[in-house]
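# need a 3D model of the following:
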Amino acid sequence: MISPVNDHYITLNDIKRSKIGHKFYNIFININKFIEQELTDGELPQSCDDTDVDIVEWDNFCSKYYEMITDENDDSFNCGDEEEHLNFSEIDSDNSTNGD
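Take a look at the predicted model:
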């Protein structure tokens, strides 16, 4: 996986050079990002280099953020409709009791 230059120890450069170095660092530095990677992406293709990994992470961030924003907009739009519907129901029930 890491393929160190010296078989007796692993250096920082060995980790940086490996294809999974970003995951290794996230284990120690940003555990939330590591868990997110494990739950969503799994392993990236072995043919990716570091620039491809950055692009893939950025694309994932953008798509998740876009979904979050559109969900918030949909929720706020739907909430407004529900409030109007509830207000109309209350008005209808008030009118039916007054007419009896």
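# where does pLDDT dip in the chain?
The chain contains residues with pLDDT under 70 at 41-54, 75-100.
# who's in contact with Tyr65?
Contacts here follow Cβ atoms under 8 Å, 6 or more residues apart in numbering; on that basis Tyr65 touches nothing. In this view, the C-beta of every residue, glycine as well, is placed from N, C-alpha and C.
# what are the phi and psi values at it?
For Tyr65, the backbone dihedrals (degrees, to the nearest 10) come out as phi -70, psi -40.
# any idea where the strands of the protein begin and end?
Here the chain has no strands by DSSP state E.
# quick one, domains of it?
Domain ranges of the chain: 1-43, 46-100, per automatic domain parsing.
# in this protein, what residue spans correspond to helices?
Under the criterion DSSP state H, the chain carries helices at the ranges 12-17, 21-29, 31-40, 50-98.
# quick one, phi psi at Ser18?
phi -70, psi 160.
# that one against Ile10, yeah?
No: using Cβ atoms under 8 Å, Ser18 is not in contact with Ile10, being 9.4 Å away.
# which neighbours do the two share?
With Cβ under 8 Å, 6+ apart as the test, Ser18 and Ile10 both reach Ile2.
# quick check: the spatially closest residue to Asn13 that is not a sequence neighbour vs Asn73, distance?
Leaving out its chain neighbours, the residue that sits closest to Asn13 by Cβ to Cβ, 6 or more residues apart in numbering is Val5, at 7.8 Å. In this view, Val5 and Asn73 are 52 Å apart by Cβ to Cβ, to the nearest Å.
# first-to-last residue distance for stretch 10-23?
With Cα to Cα, to the nearest Å as the measure, the ends of stretch 10-23 fall 16 Å from one another.
# now stretch 5-25
The straight-line separation of the ends of stretch 5-25 (Cα to Cα) is 19 Å.
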